[in-house]
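Novice: turn this into a model:
(chains A and B)
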Amino acid sequence: MPPIASLHSPLPHLDVLEAEAIQIIRDTAACFERPVMLYSVGKDSTAMLHLARKAFAPGRVPFPILHIDTGWKFKEMYAYRDGYVRDELGVDLLIHRNDDGVRAGVGPITHGSRVHTDIMKTQALRQALAIGRYDAAFGGARRDEERSRAKERVFSLRDENGRWDPRTQRPELWNLWNTRLRPGESMRVFPLSSWTELDVWLYIRREKLPVVPLYFAKERPTIERGGTLLMMDDDRVPLKPGETPVMRRIRFRTLGCWPLTGALESSAATLDDVILELLASRYSERQGRVIDHDAAGSMEEKKREGYF
Amino acid sequence: MSTPSDTHTQAGDATARLDAPAATASLDSWLAAHEGKELLRFITCGNVDDGKSTLIGRLLLETDSIPVDVLEAVARDSKVRGTRGEETDLAFLTDGLKAEREQGITIDVAYRTFSTDRRRFILADAPGHEQYTRNMATGASTAELAIILIDARYGVTTQTRRHTAITRLLGIRQTIVAINKMDLVGFSQARFDEVKAAFEAFATKLPPSNVAFVPIVATDGDSVVARGARMPWYGGPSVLELLETLPVDAGTNHVDFRFPVQLALRPNESFRGLAGSVASGEVRVGDPILALPSGRTSRVARITTIDRDLSSARVPMATTIVLEDDIDCARGDMLVRPDQRPTLSTRFTANLVWMSDAPLVPGREYLIRHATLETPATIVRVVHRLDIESLETTPGPTLRLNEIGLVEVRTSRPIAIDPYEKNRATGSFVVIDRISAGTLGGGMVVASDVGHWDDPAESHLTPTASSVTLDERRARLGQRPATIVLMGLSGSGKSSVARAVERLLFERGNTAIVLDGAAVRTGLSRDLGFTAADRSENLRRSMELARLMNDAGLIVVGAFSAPQAETRDRCRELVGKDRFFLVHVDAPLEHCRTRDPSGLYRDAALGKVRDVPGLDAPFERPTNADLVVRSDQLSVAACAERVVALLRERGIVE
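Specialist: Down below sits the predicted model:
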């Protein structure tokens, strides 16, 4: 039996989660030749990037931050990314777009969410990882997001085609992560595996991190389409007959490509309001994402194909 | 579209566990109550038939942890593929992968989180089937508590035994035994007591754990969250109440400071920090530090974070330590306190759970990862396999998928280890295949000194065969070779008896030689001390020597304390069963202490020596001696006569 605990009470859970994430990030930096951090401009990425900065302070984050840009993100996301992440934090920010997809004019409305996501996200990610010859890529995914994520490892192996095979996952014991790869293989690393949406918001509050203002309620021009509230961020999406943009007080629980991201009507205009609203909500955050709404298991299939 | 919470009512008859924010003055007051929440990691063991998924589903439902849209998706899936008709199959909540849902089995560990007003929980939902022992071990490795589910109708089954054994081996020291389906046994207290007694009876063979027994009905929720009214004879807490109140870090070592270095940070000329997570114990600025394996010492100058320095750090904080001296230290090294040292060793024994389809190959070089160190290592041999259901051990040449056994490990670099029982963080390691890079097994250190008994001999050394046969020697010397080990406490008179035996044999015309422990130690074993490991090694060398002399036809009379039964058995194996005789020279400790011919007991009393068998080190009395002589009741000559009589009886001498 281990010695009886000292007078200390256990650390609060947010400190335990922070410690675990930093440990994962440091191990990745130590064990891989070319790690990269996938950065989506959302709240999870914000927390993850901050953890990386903490992990190596007073030194710089020793790997680049990569944004896969579909070209369809909200304008405020681009402004935050360039103004805060690139200019203020001064991290090594890389941006990759699938130029083939851009030339072919691939978009969520013209080609549908499935094709758009495959070409502009999954294929774009694979291109970027190949160009950078990255052997490990951090992602901000959490196990509470979706059922197939609940069984994914913290260090999750991808074959030479970037595919995930849930049947051949390595056992992951204690915090002794197996970081070894065979030629062609790569690793996805999820430092926020044990976090929940609430943890992320509480951490952002505690660490006083700025986030994209779209998370906070404001009057914004919206249309309702297929049961989803869309914010009209630019004029690339033609209105259908009968659709008129209406100003509504809305905010976003998750951020992605704007035509694929549903808003929710809300009056939560501050971080505290957002957390209070989350505490009252009985819906999962992925509910607003058009991308997950196909059959059950669709996320698992996307991941098998190389989606993050 | 309006906010979801306006348009949907809460699912089921769940009770809201989080304070409704409407009733909360502000977030600050909510945070005051919730921000300091502790995190408990636990594992649930059992299978669908025991009602495991139902229990988990109920815990999640009743703590309000399942979003409405998820519950709706589960209800849809459940209608299409479920087995319960219109009723929602709660198993669909927990079986995440499509393959599993289609096969109706759970193939992998799933991690889920939920909260109550008191705690955050991370639940490792591990599959129950026998072929998934590896997954259960994986889930148990990070858990502090285990819920073992038992179907009240069937009681303790082989599966219960397997689950319990795995969780105990993996170091879980708190167990909730949930005896489910009490409604199907008429809520019978007698049946509950019977199952409880059966569990307690077999669990005594395992490493200890605190155990709480709870009678439940997972389908209806009795004693899961609230205390049910249908079992008034059970006055104890519900499963959730136990989860909220049992200590969260019962398996964590808070005393011994261990800091495996993850990486050295040197962002500029003036800063050199060692980044890592405190694996156990705590450290303060100013504390003396010992770096392993280098053995260099320094003190903690600073403990830094991104925006401020700390005065101390403790498990499990991720931190950066700056030392007063710029000592050479890199990933894989470990910082400890000089007064709380782990063992620095290249050889140790461990319980190993084998997780690969290909069996373990003793002697093959694998990689092991221990703390932050990766090093080539060999599993020298499998000491035994553990039958996880009967808890019996069998000698085994190898371990196969899902088997657990005691193995001896040899690493190519010295590593700083503690027994797993004492420190999960520095007593654990994983075995990695050099070629496939797969994770093959998980190990838990048992002991750090194994001696050289099983070192493989260099394969290119082949002794040449003698042209003189054993029969020729026997004919010339008129005796069969033998090794007699006279064992006993220091001062029992073993050396005197040995000399008397030698004399008697000589006078009978035999050829014998005394191998005295003290004599061996002045030469052959002068590098050894008196720890259990060194005593064992001294005996091994002496027995190798005895075997050579036996090969020359001689009778060897050894006098050794030989306090460890296992070592004595190894002596017998090494020398050969038919020519090895164990004689216990038996005298009470008081008698030996009074004689004290070497002054050992006097020195021990003065605190000058330690590890004296029978005093502050174990002395295991033999149960398989070929002869016992009471040296406090018989003269030395009489003792010697009896030894020679034994040799006559056994046909060694005429």
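Novice: which element is the residue of the stretch 51-200 of chain A found nearest chain B on?
Specialist: Relative to chain B, the nearest point of the stretch 51-200 of chain A is A:Gly59 (3.2 Å; C-beta to the nearest C-beta). From N, CA and C alone the C-beta is placed, and that goes for glycine too. Under the criterion DSSP states H and E, no helix or strand holds A:Gly59.
Novice: from A:Leu255, how far out is it?
Specialist: 30 Å (C-beta to C-beta, to the nearest Å).
Novice: the two: who's more crowded?
Specialist: A:Leu255 (24 against 17; other C-beta atoms under 10 Å in any protein chain shown).
Novice: who's in contact with the more buried one?
Specialist: Going by C-beta atoms under 8 Å, 6 or more residues apart in numbering or on different chains, A:Leu255 touches A:40-43, A:73-74, A:77, A:212, A:214-215, A:261.
Novice: what secondary structure does it sit in?
Specialist: coil (DSSP: H, G, I helix; E, B strand; the rest coil).
Novice: what of the one 4 residues further on?
Specialist: A:Pro259 falls in the helix class when you classify it by three-state DSSP.
Novice: returning to that earlier point: in helices, which of the contacts of A:Leu255 appear?
Specialist: Using DSSP state H, the members of those that fall within helices are A:43, A:77.
Novice: after the helix or strand of chain B with the lowest mean pLDDT comes which helix or strand?
Specialist: None of the helices or strands of chain B scores lower by mean pLDDT, DSSP states H and E than helix B:4-7, at a mean of 34. Note on helix B:4-7: by DSSP H and E, the next helix or strand toward the C-terminus is helix B:27-34.
Novice: hang on, the residue of the stretch 51-200 of chain A closest to chain B packs against B:Ala264?
Specialist: No: counting by C-beta atoms under 8 Å, A:Gly59 stays clear of B:Ala264, with 10.4 Å between them.
Novice: got the domain boundaries for chain B?
Specialist: According to automatic domain parsing, chain B comprises the domains B:7-245, B:258-340, B:344-447, B:470-649.
Novice: in a markdown table: the ones you listed, plus distance to chain A and mean neighbour count.
Specialist: As requested, the domains of chain B are exported to a markdown table (distance: least, C-beta to the nearest C-beta, whole Å; neighbours: other C-beta atoms under 10 Å in any protein chain shown):
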| stretch | distance to chain A | mean neighbour count |
| --- | --- | --- |
| domain B:7-245 | 4 | 19 |
| domain B:258-340 | 3 | 18 |
| domain B:344-447 | 4 | 20 |
| domain B:470-649 | 19 | 18 |
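Novice: JSON lines for those, including distance to A:Gln169?
Specialist: Putting these into JSON lines (distance: least, C-beta to C-beta, whole Å) gives the following:
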{"stretch": "domain B:7-245", "distance to A:Gln169": "7"}
{"stretch": "domain B:258-340", "distance to A:Gln169": "24"}
{"stretch": "domain B:344-447", "distance to A:Gln169": "9"}
{"stretch": "domain B:470-649", "distance to A:Gln169": "39"}
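Novice: A:Val36 is nearest to which of those?
Specialist: Taking C-beta to C-beta, domain B:258-340 is the member of these nearest to A:Val36, at 17.5 Å.
Novice: gap between that closest one and the chain center?
Specialist: 27 Å (C-alpha atoms, centre = their mean, to the nearest Å).
Novice: could you do stretch A:57-64 as well?
Specialist: How far stretch A:57-64 lies from its chain's middle: 20 Å, per C-alpha atoms, centre = their mean.
Novice: again with stretch A:257-270
Specialist: 16 Å.
Novice: doesn't A:Glu172 make contact with B:Arg134?
Specialist: No: applying C-beta under 8 Å as the test, B:Arg134 and A:Glu172 come out as separate, 10.9 Å apart.
Novice: is the longest helix along chain A in proximity to chain B?
Specialist: Taking DSSP H as the criterion, chain A has its longest helix at helix A:13-31. Yes: remark: helix A:13-31 sits within contact range of chain B at A:13-20, A:22-23, A:26-27, A:29-30, by C-beta under 8 Å from any C-beta of the partner chain.
Novice: beyond that helix, next helix or strand please.
Specialist: strand A:35-38.
Novice: what pairs with that following strand, and is each one parallel or antiparallel?
Specialist: Partners of strand A:35-38 in the sheet, by DSSP bridges, are strand A:65-68 (parallel), strand A:136-138 (parallel).
Novice: run through who's touching the helix ranked longest in chain B.
Specialist: Longest among the helix segments of chain B by residue count, using DSSP H, is helix B:532-551. If you take C-beta under 8 Å, 6+ apart as the criterion, helix B:532-551 is touched by B:449-453, B:466, B:481-483, B:513, B:515, B:517, B:520-521, B:524-525, B:528, B:556, B:558, B:560-564, B:567, B:570-571, B:574-576, B:579, B:611, B:613, B:617-618.
Novice: low-confidence stretches in the stretch 351-500 of chain B?
Specialist: B:449-460 (pLDDT under 70).
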